[in-house]
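K.L.:
Build the 3D model from these lines:
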Amino acid sequence: MGIYYITFGSFEGLEDYSLEASPAADQKGRYIIEKLDSISRKYNVVTLSETDNRGLVFLPDKIVRCLSHGTYTVWATFGKPFRICRRLHRYMRCGQLRSFLSKLDESDIVIAYHSLVIAQILLKEKKKRHFKLILELEEVYQDVVSCSEKSANDEHNIIRNADGYILATDALSKIVPKDRPYMVVNGTYHSEAERDVGFADGKVHCVYAGTFDPTKGGAAAAAAAAEFLPENYHVHILGFGTEEQKKQMKDLIATVRKKAKCTLTYDGLKSGEEYICFLQSCQIGLCTQIPDAKYTETSFPSKVLVYLANGLRVLSVRIPVVENSEVGGILYYYDTQSPREIANAIMNIPMKEDYNSRQILNQLDKDCERNLKRLMEKINNEPD
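P.N.:
Numbers count the residues shown, from 1 in each chain. Below you'll find the model as predicted:
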């Protein structure tokens, strides 16, 4: 029996490949890998990410050691100096995946990150090879972006035909077959060790860290709320987006600054230790996404757990997927998506009360490992 995790991301030892990866998806993937390493004597991780190199370069297959018990493989990838190269690369990746899956059989377990690009390939090869498929389902893409009828059907079919699921929210369990096993992993349940950091200026520092995508709306809402905060608050905006989205965010911040008494800053994109230290220098993490968007019914905002892991109090818009989650009871909420309402909710957070978000995360981390082991046993028809 082989255990294979097909994902999108990078890993230690592949830095020279400069692989494209969403920061949130990469972090979640690494966490799943860590749990796999704890319960498996042998497993293989394959990344479908491609290099972001824009030069005329070719990088061959590469395999590196993955933690204690696994291997991490990136298939051959090439630079993309011309627009057509991206399409060619996707075609190549699909061929590599087909070839890989064609060598599996009914004794193998494949854990696959949900992607519209590979859904049809997984379906066809599963029917031919009869391997067991665990779908890592973060969100329903047709709820988030406009999809063709074919893509929507592929998504529906891959969800319906998987043998088991790793779901980002319990709400997603409503769309999977009732007879299939699943587990819920909202995100990374690691708690970060406390660093001796801080701004030491007597202000309450609030941070929004995440996407600048206007369809999510969180960054803009956090920045706009600064207008209604007093001078002893500092709102930090950091994250990622397209060049146009970053420009729009900087323009909004410049506009709000002219009216605000509190400090509002754009702090760019941070990662690694710098990111952790920056978060721990703040006291409040902001999860201010648009509450009535379709995706909020099933998509858990990963930033909530990142904030909690670093000891921050978290303010979130009140949506069921967050409020009913395992950490919902230790969050603070606002009900109306308006700058003044968000600001009032920020000011109502009791900063002097004892608060220990790391404790509940440590328990959820242990539960996650146990639940993954149980899911794998059920998929492999082993008794509990």
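K.L.:
Return the alpha-carbon coordinates of the helix of greatest length in the chain using CSV.
P.N.:
Looking across the chain with DSSP state H, the single longest helix is helix 357-379. Provided in CSV are the C-alpha atoms of helix 357-379 (Å, rounded to 0.1, in the frame of the first residue of the first chain):
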residue,chain,number,x,y,z
SER,A,357,-5.7,31.1,22.6
ARG,A,358,-2.8,28.7,22.4
GLN,A,359,-4.3,26.2,24.9
ILE,A,360,-7.3,25.3,22.8
LEU,A,361,-5.1,25.0,19.7
ASN,A,362,-2.8,22.5,21.4
GLN,A,363,-5.8,20.3,22.1
LEU,A,364,-7.1,20.7,18.5
ASP,A,365,-3.7,19.7,17.2
LYS,A,366,-3.8,16.4,19.1
ASP,A,367,-7.3,15.8,18.0
CYS,A,368,-6.3,16.3,14.3
GLU,A,369,-3.6,13.7,14.4
ARG,A,370,-6.0,11.2,16.0
ASN,A,371,-8.8,11.9,13.5
LEU,A,372,-6.5,11.6,10.5
LYS,A,373,-5.3,8.2,11.7
ARG,A,374,-8.9,7.1,12.1
LEU,A,375,-9.9,8.4,8.6
MET,A,376,-7.0,6.5,7.0
GLU,A,377,-8.0,3.3,8.8
LYS,A,378,-11.6,3.7,7.6
ILE,A,379,-10.6,4.3,4.0
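K.L.:
buried set for that helix?
P.N.:
357-358, 360-361, 364-365, 368, 371-373, 375-376, 378-379 (16 or more other CB atoms under 10 Å). The C-beta positions use only the backbone N, C-alpha and C, and glycine is treated the same way.
K.L.:
helices or strands up against that helix?
P.N.:
helix 23-39, strand 132-137, strand 164-167, strand 182-184, helix 303-309 (3 or more CB pairs under 8 Å, 6 or more residues apart in numbering; DSSP states H and E).
K.L.:
List of residues touching that helix?
P.N.:
Applying CB atoms under 8 Å, 6 or more residues apart in numbering, the contact partners of helix 357-379 are 3, 32, 35-36, 38-40, 109, 132, 134, 163-164, 166, 181-183, 185, 189-192, 305, 307-309, 311-314, 326-327, 330, 383-384.
K.L.:
In the stretch 51-200 of the chain, mark out all the helices, start to finish.
P.N.:
Here the stretch 51-200 of the chain has its helices, by DSSP state H, counting those that start in this stretch, at 83-101, 119-129, 141-144, 149-161.
K.L.:
Let me have the ones you listed in CSV, adding mean pLDDT and mean neighbour count as columns.
P.N.:
Putting the helices of the stretch 51-200 of the chain into CSV (pLDDT from 0 to 100; neighbours: other CB atoms under 10 Å) gives the following:
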stretch, mean pLDDT, mean neighbour count
helix 83-101, 94, 14
helix 119-129, 96, 17
helix 141-144, 66, 18
helix 149-161, 89, 16
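K.L.:
List just the one of the ones you listed that sits closest to residue 284.
P.N.:
helix 141-144 (26.9 Å; CB to CB).
K.L.:
If you rank every helix and strand of this protein by mean pLDDT, what lands last?
P.N.:
Scoring the helices and strands of the chain by mean pLDDT, DSSP states H and E places helix 141-144 at the bottom, with a mean of 66.
K.L.:
avg pLDDT for the longest helix of the chain?
P.N.:
For helix 357-379, the mean pLDDT works out to 95.
K.L.:
just stretch 26-34 next, same as before
P.N.:
The average pLDDT for stretch 26-34 rounds to 91.
K.L.:
before we move on, what about stretch 108-118?
P.N.:
Across stretch 108-118, pLDDT averages out at 94.
K.L.:
buried ones in that stretch?
P.N.:
Residues 108, 109, 110, 111, 112, 113, 114, 115, 116, 118 are the ones in stretch 108-118 that count as buried (16+ other CB under 10 Å).
K.L.:
with those residues in mind, which one is nearest to residue 96?
P.N.:
Residue 96 has its nearest neighbour among those in residue 118, at 10.7 Å by CB to CB.
K.L.:
For that closest one, grab phi and psi.
P.N.:
Backbone torsions of residue 118, given as degrees, to the nearest 10, read phi -110, psi 0.
K.L.:
Tell me which residues touch it, please.
P.N.:
6, 48, 94, 97, 112.
K.L.:
just curious, which of the residues you listed is nearest to residue 245?
P.N.:
Nearest to residue 245 among the contacts of residue 118, with distances taken as CB to CB, is residue 48, at 24.8 Å.
K.L.:
distance of the closest one from residue 222?
P.N.:
The spacing between residue 48 and residue 222, counted by CB to CB, to the nearest Å, is 32 Å.
K.L.:
Tell me the span between the first and last residue of stretch 60-70.
P.N.:
One end of stretch 60-70 sits 20 Å from the other (CA to CA, to the nearest Å).
K.L.:
before we move on, what about stretch 284-297?
P.N.:
End-to-end distance (CA to CA), stretch 284-297: 24 Å.
K.L.:
in that stretch, what counts as buried?
P.N.:
Judged by neighbour count using 16+ other CB under 10 Å, the buried positions of stretch 284-297 are 284, 285, 286, 287, 288, 289, 290, 291, 295, 296, 297.
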